[in-house]
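Structural data only, the sequence is not supplied:
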Ligand SMILES: N[C@@H](CCC(=O)N[C@@H](CS)C(=O)NCC(=O)O)C(=O)O
């Protein structure tokens, strides 16, 4: 059984979506990052950077931090969404999500959504970078059905919950036809709908 220690954020939703997609048995343990629970000594032992998500695989007592590493672990455990023949391509898009798409959109959330009016420079910088990311993903999805190629993989699972915050981004997802096509297709998957509703409160995936 997998225990997912998380909060209801895009990085947390990557893992709940993956757990639903792979049908692995799991339970969610909430970590309230607004109340600094990520800084508790027991949590730091599992997550040295003091961040969610974390998993504990109770089948073998293995714990893991970093959502990309967790996705790889779960795909190796389940044999899904990380085909050996496609790994080089999947790794590129997964690492690109981890190092660029997530961190940049995360900064856009900070300046544009949570703290508007506090820094013109920050707002403008991360708005432009986010718009560029939409364009870059759209270009890729114009020539490829999914990010890494013709199959749905952990690279898509990692990226989807970030684009699902498109209403916060104010960039206009619908202007990006290929990204919208990809988003709508993934939104229809039952496992994605279930995993998106991480807290089981009936949370729905935002429409494009
Ligand atoms: N690179 C990490 C980033 C994780 C991350 O930024 N988690 C945020 C929530 S989405 C967090 O725990 N924030 C609490 C804090 O930084 O104090 C991953 O992908 O797992």
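All right, it came through fine. Remember, it's a predicted structure, so these values are computed and weren't measured experimentally. Numbers count the residues shown, from 1 in each chain.

For the rest of this, base every contact and every neighbour count on C-alpha atoms.
OK.

and this protein, which residues reach the ligand?
Counting by C-alpha under 6 Å from any ligand atom, the chain comes close to the ligand at 9, 10, 11, 33, 51, 52, 53, 66, 67.

Identify the residues contacting the last one.
Taking C-alpha atoms under 8 Å, 6 or more residues apart in numbering, we find residue 67 in contact with 11, 12, 14, 15, 53, 54.

Let's see that with 7 Å instead.
Contact analysis of residue 67 by C-alpha atoms under 7 Å, 6 or more residues apart in numbering lists 11, 15, 53.

just to revisit the earlier point, filter the residues of the chain next to the ligand down to the buried ones, PyMOL style.
A single PyMOL command selects the buried members of the residues of the chain next to the ligand (16 or more other C-alpha atoms under 10 Å):
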select buried, resi 10+11+51+52+53+66+67
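
Now secondary structure and pLDDT too, for the residues of the chain next to the ligand, in TSV please.
Formatted as TSV, those follow (DSSP: H, G, I helix; E, B strand; the rest coil; pLDDT from 0 to 100):
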residue	secondary structure	pLDDT
9	coil	98
10	helix	98
11	helix	98
33	helix	97
51	coil	98
52	coil	98
53	coil	98
66	coil	98
67	helix	98
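
Give me the pLDDT value at residue 158.
pLDDT recorded at residue 158 is 98.

please begin residue numbering at 811 from this point
In the new count, where the first residue is 811, that last one comes out as residue 968.

Just give me the closest of the contacts of residue 877 to residue 896.
Set against residue 896, the nearest of those by C-alpha to C-alpha is residue 825 (20.6 Å).

which SSE is that closest one in?
helix 820-832 (DSSP states H and E).

what's the spacing between that helix and its chain's center?
Taking C-alpha atoms, centre = their mean, to the nearest Å, one finds helix 820-832 lying 8 Å from the centre of the chain it belongs to.
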